[in-house]
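Chemist: 3D model of this:
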Amino acid sequence: VQLVESGGGLVQPGGSLRLSCAASGFPFSTSIMSWHRQAPGKEREWIATIFISSTSGSPKYADSVKGRFTISRENAKNTVYLQMNSLKSEDTAVYYCKARTGWGTEYWGQGTQVIVSS
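Modeler: From the prediction side, this is the model:
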């Protein structure tokens, strides 16, 4: 099983980044995918979830990112994305993707660093 995040980096406040998480080794299309982040000195926090399909429910977002971040998935590529717009310094963190399979098993990626700074 692998979850590999990419797309992190240094961006100025107000800028945008698109994170990707490529999955393998488990049934991606039937797994609930989510993004989490951990800022320095803070606990890891959930920020967005996307369900198996739109019939399962609309994507959910933490209040801190609602209206700025968009989670999406491309099952044909076993990939989940996080489009981040209007970035703020407080968005600086390591970003992780997580998979929850239909059996309830959870997998985490290794994380990608996002730094928002001028």
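
Chemist: C-alpha only now, for contacts and for neighbours.
Modeler: Noted.

Chemist: Mind jotting down where the strands sit in this protein?
Modeler: 2-6, 9-11, 17-24, 32-38, 45-50, 60-61, 69-74, 79-84, 93-100, 106-108, 112-116 (DSSP state E).

Chemist: Let me have the ones you listed in a markdown table, extended by mean neighbour count and mean pLDDT.
Modeler: As requested, these are arranged in a markdown table below (neighbours: other C-alpha atoms under 10 Å; pLDDT from 0 to 100):
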| stretch | mean neighbour count | mean pLDDT |
| --- | --- | --- |
| strand 2-6 | 19 | 98 |
| strand 9-11 | 15 | 98 |
| strand 17-24 | 20 | 98 |
| strand 32-38 | 22 | 98 |
| strand 45-50 | 20 | 98 |
| strand 60-61 | 18 | 98 |
| strand 69-74 | 18 | 97 |
| strand 79-84 | 20 | 98 |
| strand 93-100 | 23 | 98 |
| strand 106-108 | 16 | 98 |
| strand 112-116 | 20 | 98 |
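
Chemist: Do you know the pLDDT at residue 54?
Modeler: Residue 54 is assigned a predicted lDDT (pLDDT) of 77.

Chemist: That one: how many residues sit nearby?
Modeler: 9 (other C-alpha atoms under 10 Å).

Chemist: same question, the one 10 residues further on
Modeler: The burial count assigned to residue 64 is 11, neighbours taken as other C-alpha under 10 Å.

Chemist: Offset the numbering so it begins at 36, please.
Modeler: Renumbered: residue one is now 36, and that last one reads residue 99.

Chemist: Next, the contact list for it, please.
Modeler: Counting by C-alpha atoms under 8 Å, 6 or more residues apart in numbering, residue 99 makes contact with residue 82.

Chemist: contacting residues for the closest residue to residue 116 other than its chain neighbours?
Modeler: Distance criterion C-alpha to C-alpha, 6 or more residues apart in numbering; nearest residue to residue 116, sequence neighbours excluded, is residue 55 at 4.5 Å. Listed by C-alpha under 8 Å, 6+ apart, the contact partners of residue 55 are 39-42, 114-117.

Chemist: now residue 135
Modeler: Taking C-alpha under 8 Å, 6+ apart, one finds 66-68, 141-142 in contact with residue 135.
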